[in-house]
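Undergrad: okay, predicted coordinates and the sequence, questions at the end:
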Amino acid sequence: MSAVQGFTEVLAASEHHKSAAQSYMWPQSMVGQEGKPVRVYVVDDDNHIRRVIAQELMSDPRTLLVGQAASLREARKHLNQQPFDVLLVDLNLGDGEGLELIGLAQTLNPDALIVVVSVTERDDKVLQAFELGAMGYLLKNSLFGDYVQAVLQVANGGASITPSLARKLLSHLDKSHARPFASVGTLQEERLSARESEVLKLVAGGYTSSEIGTQLGISTLTVNTHIKSIYRKLQARTRAQAVRAASLRGLFS
């Protein structure tokens, strides 16, 4: 397929993006509404995969493709030229590692959310991506590879990750590499409540705040209040960091 044909397909998907808006039932409380979709920037050196992602994003009125790059160099050069909410980035680019773009994206936009896309499940790369702040991990050619769903999930407070990969992440966290915390007294004083532990386990499973609320029979606002308390107690800034900190403390055992 030529570049012209590929571009034509994306344009066609863009037109469909407008006409399909009425076909989606989406709660007004969720991020990603008609007229204010989640803006996505895509970085992948695989032209076919990048085209597939672009078509999926442009065919759903809740998401909008605002830019794309085919290399680490191109992304570094153009990432700051277009505001975005979510960065979809391949781990292994032809001229470097997508991991390098996670910090750059968050520097350019502190509120940016990162979803890593890759053909590999190498544990060191997965863990590193989440330690750097990634909120989602999609395997290419996977049954779970729904790019729109991943974008909407992280944009609405979730952590898009397959259950099997979530278990693998938790089981491979090496407690011997745990960073020392303030003091034993602090740990005793900042112990998670039973409800906070329930919420955190669901967070580790990749559930959004609204899904957690439904499962526990509490409001989304209450869930987010618990999550903020968990962040404070575990000295974390993201859900991934909170899950890691809890695992290192043995809270999932």
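TA: Nice, thanks for sending it over.

Undergrad: okay, now the unreliable bits of the chain?
TA: Along the chain, the parts satisfying pLDDT under 70 run over 1-24, 120-124, 141-145, 162-190, 252-253.

Undergrad: how's it carved up into domains?
TA: Here the domain parsing of the chain from automatic domain parsing is 3-171, 178-248.

Undergrad: now the shortest one: how far from the chain's centre is it?
TA: To tie it back to what came earlier, the one meant is domain 178-248. 17 Å (C-alpha atoms, centre = their mean, to the nearest Å).

Undergrad: same question, the first one
TA: Its chain's C-alpha centre and that of domain 3-171 lie 8 Å apart, by C-alpha atoms, centre = their mean.

Undergrad: would a markdown table of the domains of the chain with mean neighbour count be doable?
TA: All C-beta spots, glycine's among them, are computed from the backbone N, C-alpha and C. Output for the domains of the chain, formatted as a markdown table (neighbours: other C-beta atoms under 10 Å):
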| stretch | mean neighbour count |
| --- | --- |
| domain 3-171 | 18 |
| domain 178-248 | 17 |
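
Undergrad: phi, psi for Ile102 please.
TA: phi -60, psi -50 (degrees, to the nearest 10).

Undergrad: and the one 5 residues further on, by the same measure?
TA: Thr107 adopts backbone torsions of phi -70, psi -40, taken as degrees, to the nearest 10.

Undergrad: state the distance from it to Ala236.
TA: Distance of Thr107 to Ala236, given as C-beta to C-beta, to the nearest Å: 19 Å.

Undergrad: again, but for Val117
TA: Counting by C-beta to C-beta, the gap from Val117 to Ala236 is 24 Å.

Undergrad: one more: Leu200?
TA: In terms of C-beta to C-beta, Leu200 sits 10 Å off from Ala236.

Undergrad: ok, Val119 next?
TA: Val119 is 29 Å from Ala236, by C-beta to C-beta.

Undergrad: circling back to that earlier point, now do the shared contacts for Leu200 and Ala236.
TA: Here Leu200 and Ala236 have 230, 242 as joint contacts, going by C-beta atoms under 8 Å, 6 or more residues apart in numbering.

Undergrad: what about the nearest residue to Phe130 once chain neighbours are set aside, distance to Leu139?
TA: Once flanking residues are discounted, Phe130 sits nearest to Ala240: 4.2 Å by C-beta to C-beta, 6 or more residues apart in numbering. The gap separating Ala240 from Leu139 is 17 Å, by C-beta to C-beta.

Undergrad: for Asn156, same thing?
TA: From Asn156 over to Leu139 the distance is 21 Å, taken as C-beta to C-beta.

Undergrad: ok, now Val117?
TA: Counting by C-beta to C-beta, the gap from Val117 to Leu139 is 8 Å.

Undergrad: same thing with Ala246?
TA: 24 Å.

Undergrad: ok, Gln215 next?
TA: In terms of C-beta to C-beta, Gln215 sits 25 Å off from Leu139.

Undergrad: for the chain, which segments count as helices?
TA: 3-19, 47-58, 72-78, 99-108, 123-131, 147-155, 163-171, 184-189, 194-204, 209-216, 220-234, 239-248 (DSSP state H).

Undergrad: need these in CSV (columns: distance to Val86).
TA: CSV is the format used below for those (distance: least, C-beta to C-beta, whole Å):
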stretch, distance to Val86
helix 3-19, 16
helix 47-58, 10
helix 72-78, 14
helix 99-108, 9
helix 123-131, 14
helix 147-155, 5
helix 163-171, 19
helix 184-189, 34
helix 194-204, 18
helix 209-216, 17
helix 220-234, 19
helix 239-248, 15
